[in-house]
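Asker: Could you work out the structure for the sequence below:
(chains A and B)
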Amino acid sequence: MSLLSRIRKDLLALPLVGRFLRWRYSRFLLQLPLFLVALLALYDGFLGRQLAPKNFATVSVWLHYRGFLVLAVAVLGNLFCAACPLMLVRGPTRWAKRYLPQFQWPRPLRNKYFVIVLTLFYLFAYEYWDLWASPWLTAWLILGYFGVAFLVDAFFPEGTFCKYVCPLGNFNFTLSTTSPAQIAAKDPAVCLTCEGKYCVNGRVETPAGPKTAREASPQEGTYYPGCETRLYVPQIQSNMDCTLCFNCLRACPYDNVALKPRFWGAEWIRARYRLDWVWLGVLLFFAGFMNAFAMVPAYYRLAEGLSRLLGTTNEGLLLITIYALWTGLGFLLVLYLSHLASRLAGFKETAMQAVRRWGVAFFPLAFAMWTGHYAFHFLTGWASIVPVTQQALIHLGLPLPEPDWTLAALVPENLLYPLQVVILYLGLTGATTTLFSRARGGRPLGAAFFFLMLFLLVALALWVLAQPMEMRGTLLLPKT
Amino acid sequence: MRRAFWLLLLGLVACAPKTGQPLDAKVRVIPNPPPVGKAEICIDVDPRSEFKEIKVVGDMTHPGMIPVVAEAHPAGPGLWRVDAFDFNMRGDWVLTITAVDKKGKKYQKEVRLTVP
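Answerer: Numbering: from 1, shown residues only, chains lettered A, B, ... in the order given. Here you go, the predicted structure:
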């Protein structure tokens, strides 16, 4: 079989890639650069100049991390979870686990609803405390993230933080449903005869052969941990919950794990999505919309109007009201229109089953909304990472030349909106394909009806992106 | 190991270069608040001070925007002026005024304002 045909079936057949990822320390090597970035961000965030465009913490986190994240998701997959430096707390937590009581994550929280609540709080905090504008708070956010990852990992089974707590990881999971690659079994028949299910349970390679981590202690041989989010390779239908850590690849003694290329968003059509996943996708679309909307003058007019109506200038209260109204209305709209679409399609199903069917169409839109927004910031300011890194390193004492602050834009400004339009149209195309394939077995009228709502939402999003951008003013003007 | 870490941290902080001295100046933006577009910036310094240049850099509070840089020119005793500073977007701005004296010593002042 030629190399190209092997790559078409498994991206790990690429020269050196598969070999590198099978190496025990490959993840550590991927995490190391982001860990160093996090350290520099902490240093500059706490001790550097408290001006967001000129501080490494704010520029790296709010411009580059987010920009590269959507780019990586679009090109390959959830690479930022793969290289997540937060999981470097694993070493200290393994040590701490010897002395600390261990708990199971509560059953009612083993879904995405807790993450939805945390994501809402995170988005509120982002707006309320102007996280993007404060290097100091951004540094605290990074430190807090490490702290929470440590605590959850120390008291609960490994993977709990990624799967049930981390808003950023779950954001990545949701967006990576778009990605053109997915972990899969090379030959599912091999998995049928596999007794150890090593990809989930981990493998200890002993002189007597492979044993699961339950059968043998890691000291009896070389230990390869299994999937931390408990995904069983032959059953993986979706990139949801996959951190792309490649533990499964290393743990499988039969070399039966592949990173299969697929068409972008192929799983939106094929996979069965849980209701909590769908709600997370819906939330991320509406939250993405709000995140962009909060940067245009119309938002400030709305806030001022609401302020007069409620007779308050309390920014927190106004933000909560706007977010609750927008996401609440969004959720109700999706619930009601899904139910109606199912009736029009002739499906006899409950409202929640209808949401599971039609709500998946929000995944491509969520990806498009965030990518369109992040693309704007990343492309207008990508080169600013050079002077801020330079300045942070000068601050550290390295003898470097004076930073050139005029470095910034990658793409001419007049090309940004057309690019955003293309991204949103691609999202709408993905959503339409998803809708009509999920309408199979029924009348297409249901899908057409739901499409109408998505079309209007995309038109609204295009209007928002077409507004003169405002780099985050104060909510209520004039501020005293 | 721990001692080495703290020593390293102390060393790094100690190596950090000093930022400019505070600039004693009064900064006026005309009109105030400035609209999106061009506005005049007047910088009043002590007439006895011997600055050879004063630069105004405008940044927005969101990372990623190209800063607006303008050189002020002397417009009278103790008065330096930027005739048309380009506030090219609505939102919160931070003006950094950097003055350099004849010995090359830098003085800085930061002014925050909102373009409504």
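Asker: distance of residue B:31 from residue B:68?
Answerer: Here the distance between residue B:31 and residue B:68 works out to 17 Å (C-beta to C-beta, to the nearest Å). Quick note: C-beta positions are derived from backbone N, CA and C, even for glycine.
Asker: same check, this time on residue B:57
Answerer: As for residue B:57, its distance to residue B:68 is 7 Å (criterion: C-beta to C-beta).
Asker: what is in contact with those two at once?
Answerer: Listed contacts common to residue B:57 and residue B:68 are nil; contacts here mean C-beta atoms under 8 Å, 6 or more residues apart in numbering or on different chains.
Asker: thinking again about what came up before, between residue B:31 and residue B:68, who's got more neighbours?
Answerer: Of the pair residue B:31 and residue B:68, residue B:68 is the one with more neighbours under other C-beta atoms under 10 Å in any protein chain shown, namely 18 against 8.
Asker: ok, now which ones touch that one?
Answerer: Applying C-beta under 8 Å, 6+ apart to residue B:68 gives the contacts B:57, B:58, B:85, B:86, B:87, B:88.
Asker: hang on, the second one is in a helix, isn't it?
Answerer: No - according to DSSP: H, G, I helix; E, B strand; the rest coil, the state of residue B:58 is strand, so it is not within a helix.
Asker: Not counting sequence-adjacent ones, nearest residue to it?
Answerer: The shortest distance from residue B:58 to any residue other than its chain neighbours is 4.1 Å, reached at residue B:68 (C-beta to C-beta, 6 or more residues apart in numbering or on different chains).
Asker: Next, that neighbour: phi, psi?
Answerer: The main-chain torsion angles of residue B:68 are listed as degrees, to the nearest 10 and equal phi -100, psi 120.
Asker: distance of it from residue B:85?
Answerer: Look at residue B:68 and residue B:85: by C-beta to C-beta, they are 7 Å apart.
Asker: Common neighbours of those two, please.
Answerer: Listed contacts common to residue B:68 and residue B:85 are residue B:58; contacts here mean C-beta under 8 Å, 6+ apart.
Asker: Tell me, how many residues neighbour the spatially closest residue to residue A:60 that is not a sequence neighbour?
Answerer: Spatial nearest neighbour of residue A:60, excluding adjacent residues (C-beta to C-beta, 6+ apart): residue A:41 at 5.3 Å. As a burial measure, the neighbour count of residue A:41 was computed by other C-beta under 10 Å and equals 28.
Asker: Let me see the confidence value for residue A:295.
Answerer: Looking at residue A:295, its pLDDT reads 86.
Asker: Three-state assignment for the residue nearest to residue A:60, please.
Answerer: When the structure is reduced to helix, strand and coil (three-state DSSP), residue A:41 reads as helix.
Asker: Double-check it against residue A:138; I have them as touching.
Answerer: Yes - checked against C-beta atoms under 8 Å, the pair residue A:41 and residue A:138 is within contact range at 7.1 Å.
Asker: can you list the residues that contact the helix or strand where residue A:182 lies?
Answerer: With secondary structure defined by DSSP states H and E, residue A:182 is part of strand A:181-185. Where contact means C-beta under 8 Å, 6+ apart, the residues beyond strand A:181-185 that reach it are A:11, A:76-77, A:191, A:231, A:233-234, A:236, A:238-239, A:242, A:244, A:248-249, A:256-262, A:266-267.
Asker: can you do 6 Å?
Answerer: The set of residues that contact strand A:181-185 without belonging to it, under C-beta atoms under 6 Å, 6 or more residues apart in numbering or on different chains, is A:11, A:76-77, A:191, A:233-234, A:236, A:239, A:242, A:256, A:258-262.
Asker: Also stretch A:108-121?
Answerer: Here stretch A:108-121 has contacts from A:164, A:167, A:170, A:276, A:277, A:280, A:283, using C-beta under 6 Å, 6+ apart.
Asker: Could you do stretch A:216-229 as well?
Answerer: For stretch A:216-229, the external contacting residues (C-beta under 6 Å, 6+ apart) are A:158-159, A:162-163, A:199-206, A:241, A:247-248, A:250-251.
Asker: For it, give the mean pLDDT please.
Answerer: According to the model, stretch A:216-229 has a mean pLDDT of 92.
Asker: and if you look at stretch A:344-355?
Answerer: Confidence for stretch A:344-355, expressed as mean pLDDT, is 97.
Asker: Kindly report the same for stretch A:82-91.
Answerer: 95.
Asker: who are the neighbours in contact with the residue nearest the centre of chain A?
Answerer: When chain A is reduced to its mean C-alpha position, the nearest residue by C-alpha atoms, centre = their mean turns out to be residue A:172, at 1.5 Å. Contacts of residue A:172 were listed using C-beta under 6 Å, 6+ apart, and they are A:78, A:80, A:81.
Asker: I figured the residue nearest to residue A:60 hits residue A:59, correct?
Answerer: No - with contact taken as C-beta atoms under 6 Å, residue A:41 and residue A:59 are classed as non-touching, separated by 9.0 Å.
Asker: Provide the secondary structure category for the residue nearest to the spatial centre of chain B.
Answerer: Centre of chain B computed as the mean C-alpha position; nearest residue by C-alpha atoms, centre = their mean is residue B:96, 1.6 Å away. The three-state label for residue B:96, taken from three-state DSSP, comes out as strand.
Asker: Leaving out the residues flanking it, which one is nearest to it?
Answerer: Closest to residue B:96 by C-beta to C-beta, 6+ apart is residue B:57, at 4.6 Å.
Asker: same deal with residue A:90?
Answerer: For residue A:90, the closest residue by C-beta to C-beta, 6+ apart turns out to be residue A:153, at 6.5 Å.
Asker: What helix or strand is the one you found located in?
Answerer: Using DSSP H and E, the element containing residue A:153 is helix A:135-155.
Asker: So what's the model's average confidence on that helix?
Answerer: This predicted structure assigns helix A:135-155 an average pLDDT of 97.
Asker: pLDDT score for residue B:8?
Answerer: Reported pLDDT for residue B:8: 58.
Asker: wait, does the host helix or strand of residue A:378 contact chain B?
Answerer: Taking DSSP H and E as the criterion, residue A:378 maps to helix A:362-381. Yes - contact of helix A:362-381 with chain B is found when judged by C-beta under 6 Å from any C-beta of the partner chain, involving A:377, A:380, A:381.
Asker: Pull the residues that contact the next helix or strand after that helix.
Answerer: Counting by DSSP H and E, the next helix or strand C-terminal to helix A:362-381 is helix A:385-396. Contacting residues not belonging to helix A:385-396 are listed as A:40, A:44, A:48, A:56, A:59, A:64, A:400, A:403-405, A:407, B:12, B:16 [C-beta under 6 Å, 6+ apart].
Asker: Give the buried residues for helix A:385-396.
Answerer: Of the residues in helix A:385-396, A:385, A:387, A:388, A:389, A:390, A:391, A:392, A:393, A:394, A:395, A:396 count as buried by neighbour count, 16 or more other C-beta atoms under 10 Å in any protein chain shown.
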